[in-house]
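S.K.: Dropping a prediction and its sequence here:
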Amino acid sequence: MQIYFCGSIRGGRDDVHVYQRIVHKLQSYGSVLTEHVSSTALSDKGEDAVKTGDKFIHDRDVEWLCQSDVVVAEVTQPSLGVGYELGRAVDMKKKILCLFRPSSGRTLSAMIRGAEDGEQFVVTDYEEDQMEKVVDEFFNKLKND
Ligand SMILES: O=c1[nH]c(=O)n([C@H]2C[C@H](O)[C@@H](COP(=O)(O)O)O2)cc1CO
């Protein structure tokens, strides 16, 4: 299974340790195309755009999104890029799991919370120590669909 993981980069790297934990868990279900999102070596400047260029990053990621079987996004830290990826993924009719931590004190965008349909687009509120269980439930349901 090919998994596209979305997490904030230029939107801020405060949750990178959570992304690491999620990517590690997702790797028990398949290959994570965007493993770099969880790298502590990546700052809020993003990948070296001088070397690769933003167009390269965008086109590569949209291609990976096309190839993916499922999209998992950590949406607690607001990110324009993650919102864009989710919009494109909806258009591609991908199965999507969005993970949000209410303990952050934030209120999730209505454009994410309001897209929930319980089938193709799932939004789950969680605490960090429940993440493994939430991911297991999502993938077990996928297997049975
Ligand atoms: O360097 C990058 N590499 C990259 O793969 N992305 C993608 C993957 C992330 O899920 C998402 C983060 O968007 P943003 O940088 O706007 O927070 O965009 C984004 C950047 C920088 O915008």
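M.R.: That came through fine.
S.K.: Do you know the pLDDT at Val70?
M.R.: Val70 carries a pLDDT value of 98.
S.K.: now swap in Arg21 and tell me
M.R.: Arg21 is given a pLDDT of 98.
S.K.: Following the chain past the host helix or strand of it, name the next helix or strand.
M.R.: Taking DSSP states H and E as the criterion, Arg21 maps to helix 16-26. Once helix 16-26 ends, the next helix or strand along the chain (criterion: DSSP H and E) is strand 31-32.
S.K.: Pairing partners for that next one, with directions?
M.R.: Pairing partners of strand 31-32, with direction, according to DSSP bridges: strand 2-6 (parallel).
S.K.: Can I get the strand it pairs with in PDB? Just the C-alpha atoms.
M.R.: The C-alpha trace of strand 2-6 is given here as PDB (Å, rounded to 0.1, in the frame of the first residue of the first chain):
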ATOM      1  CA  GLN A   2       1.200   3.500  -0.900                       C
ATOM      2  CA  ILE A   3       0.500   6.100   1.800                       C
ATOM      3  CA  TYR A   4       0.700   9.900   1.400                       C
ATOM      4  CA  PHE A   5       1.400  11.600   4.700                       C
ATOM      5  CA  CYS A   6       0.700  15.300   5.000                       C
END
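S.K.: Helices of this structure, start to end?
M.R.: 16-26, 49-52, 54-67, 80-91, 110-113, 131-144 (DSSP state H).
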